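> Here's a sequence, model it:
(one chain, ligands or ions: 2)
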Amino acid sequence: MSSQRSRVVVVGAGPSGLLLSHLLAAQGVDSVVVEARSQAYVAARVRAGILEHSTVEVLREAGLDARLRAEGAEHRGIHLHWPGERHHLDFVDLVGRSVWAYGQTEVQKDLVAAAQARGQEVHYEAADVALHDLETDHPHVTFTDAAGVARRVDADVVVGCDGAFGPSRAAVPDAVRTTWERTYPFAWLGIMADVAPSTEELIYAWHPDGFAMHSLRSPSVSRFYLQVPAGTDVATWSDDRIWDALAERLGHGHDGWVLTPGPITDRSVLPMRSFVQTPMRHGRLFLVGDAAHTVPPTGAKGLNLAVADVGLLAPALVALLTRGDARAADTYSERALRRVWRCTHFSWWMTSMLHTGEDPFDRQLQLSQLRWVTGSTAGAAGLAENYAGLPLEL
Ligand code: RFL
Ligand code: PHB
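Ligands and ions are numbered 1, 2, ... in the order given. Here you go, the predicted structure:
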């Protein structure tokens, strides 16, 4: 077994793991990152597309926003659509904050480039990753590296950035952890298309057939989602069926608006789930991002919440490991969870407002809520504040 020491072991090289190691390195705290998948696999995963204000601030302070500013698109707000009606909510007017359309794949590329530039030790394709002695002051992580070498890294702190299916979440004993969960009876069919977006800002659409969304990645790449029943087989949706459903639900023809179809380059079905596990710290283990919580994507919060966790944890670990000051680390879980629950509520609220089921009473409530959110400044500002404007610390 090959043994080494580092101040921090970060489990997972997704956006939260690489961002955390970046912020720690900037303050002189070394870390080793251990990732189950290959670098190419992690970089290619299509996921989130919208960065909220505080995420852009964290990336700016970390010196990671150059390509985001050059290639991302700043959006003032979103459109809400339902049959016969389309309304724009201007977040800048409502709460003084904007959001940025910049894909998680691009954020990941920027983080990988920064990790390579500083010589960050990242073990991709690590097998049998296991966390040990987290309740002692000598925690360690073991794994088998890509070359088949058994390795052990001893550290002061282990950080679980390994998403919803990694080992960190379950390393908190059952007697200590509490979990909350909501599964939804629908899923999203997501597609990527090589076609210029038919809209400048995102369209979230309510429709009796189900929710639809028009998002985008670049001037020549569009992203779309359709509500489908949970467990849908992606093979049952032909290209024509997808474009017909998007045109119908997104309001092709409304006030002359035209949805332009194009070649579909990627398609997948995403289950929808809300999940929170507390506490986000146990002994020497800290949980970050999807390792501690999952939100349905309707509020565009998953990635933003992961970045916010890192924004709180990085300075807390720097204080702990360089100055012996444990105060911020001791309150990390409590502070992070305030934002987690706010975003869990907002994501559930957006999901509940926009996804249709069979109940005619629910549909009337949804339409009433949409009219309120688009017709009342107070209603619109509530949505805008949650979508674009939550401060890092609530
Ligand atoms: P990630 O990105 O899941 O990264 C976790 C990393 O840990 C690795 N890992 C392990 N490493 C070592 N040992 C093990 N045993 C390991 N097991 C797993 C994984 O390979 C991975 O590299 O979590 P992180 O960093 O917390 O970031 C969170 C965000 O990725 C996530 O919240 C969002 O992408 C959620 N999400 C979306 N959010 C949005 O806001 N908008 C979206 O459109 C959106 N689409 C999505 C999504 C999440 C998805 N998942 C998780 C299935 C679409 C999908 C398909
Ligand atoms: C995306 O572009 O993938 C996206 C945007 C907003 C959401 C969810 C996904 O709420």
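> which stretches of the stretch 51-200 of the chain have low pLDDT?
In the prediction, the stretch 51-200 of the chain carries no residues with pLDDT under 70.
> and it, which residues reach ligand 1?
104, 126, 129, 161, 162, 163, 164, 165, 166, 167 (CB under 6 Å from any ligand atom). Quick note: C-beta positions are derived from backbone N, CA and C, even for glycine.
> ok, and the most crowded of those residues?
Counting neighbours by other CB atoms under 10 Å, residue 161 comes out on top of those with 32 neighbours.
> isn't that one right next to residue 291, touching?
Yes. Using CB atoms under 8 Å, residue 161 is in contact with residue 291, at 6.1 Å.
> shared neighbours of the two, anything?
Residues touching both residue 161 and residue 291 by CB atoms under 8 Å, 6 or more residues apart in numbering: 12, 16, 168.
> measure the first one to ligand 2 for me?
Looking back up the chat, that one is residue 12. Relative to ligand 2, residue 12 is positioned 21 Å away (criterion: CB to the nearest ligand atom, to the nearest Å).
> Hmm, residue 165 and that residue touching each other?
No. At 10.2 Å, residue 12 and residue 165 do not qualify as touching, with contact defined as CB under 8 Å.
> For the closest residue to ligand 2 within the stretch 1-150 of the chain, the count of nearby residues, please.
The stretch 1-150 of the chain approaches ligand 2 most closely through residue 49 (2.3 Å), counting by CB to the nearest ligand atom. Residue 49 has 23 neighbours, counted by other CB under 10 Å.
> Residue 221 is in contact with that one, correct?
No. Using CB under 8 Å, residue 49 is not in contact with residue 221, being 10.2 Å away.
> Now do the contacts for the residue of the stretch 151-300 of the chain found nearest ligand 1.
Residue nearest to ligand 1 within the stretch 151-300 of the chain (CB to the nearest ligand atom): residue 289, separated by 2.2 Å. Each residue near residue 289 by CB under 8 Å, 6+ apart is listed here: 14, 15, 16, 161, 163, 305, 306, 309, 310.
> Give me the subset of these that lies in helices.
15, 16, 305, 306, 309, 310 (DSSP state H).
> Show me what stretch 334-347 is in contact with.
By CB under 8 Å, 6+ apart, stretch 334-347 touches 274, 276, 278-280, 292-293, 295-299, 301, 304-305, 308-309, 312-313, 386-387, 390, 392-394.
> just stretch 317-330 next, same as before
Here stretch 317-330 makes contact (CB under 8 Å, 6+ apart) with 7-8, 24, 27-29, 156-157, 159, 281, 286, 312, 315-316.
> swap the cut-off to 10 Å and go again
With CB atoms under 10 Å, 6 or more residues apart in numbering as the test, stretch 317-330 has contacts from 7-8, 20, 23-24, 26-31, 155-157, 159, 281, 284, 286, 312-316, 332, 335.
> give me every residue that touches the closest residue to residue 247 other than its chain neighbours.
The shortest distance from residue 247 to any non-neighbouring residue, by CB to CB, 6 or more residues apart in numbering, is to residue 259 (4.9 Å). When contacts are counted by CB under 10 Å, 6+ apart, residue 259 is found next to 195, 197-199, 203, 212, 214, 222, 224, 243, 246-253.
> Filter the residues you listed down to the buried ones.
Taking 16 or more other CB atoms under 10 Å as the criterion, what is buried in these is 195, 197-199, 203, 212, 214, 222, 224, 243, 246-252.
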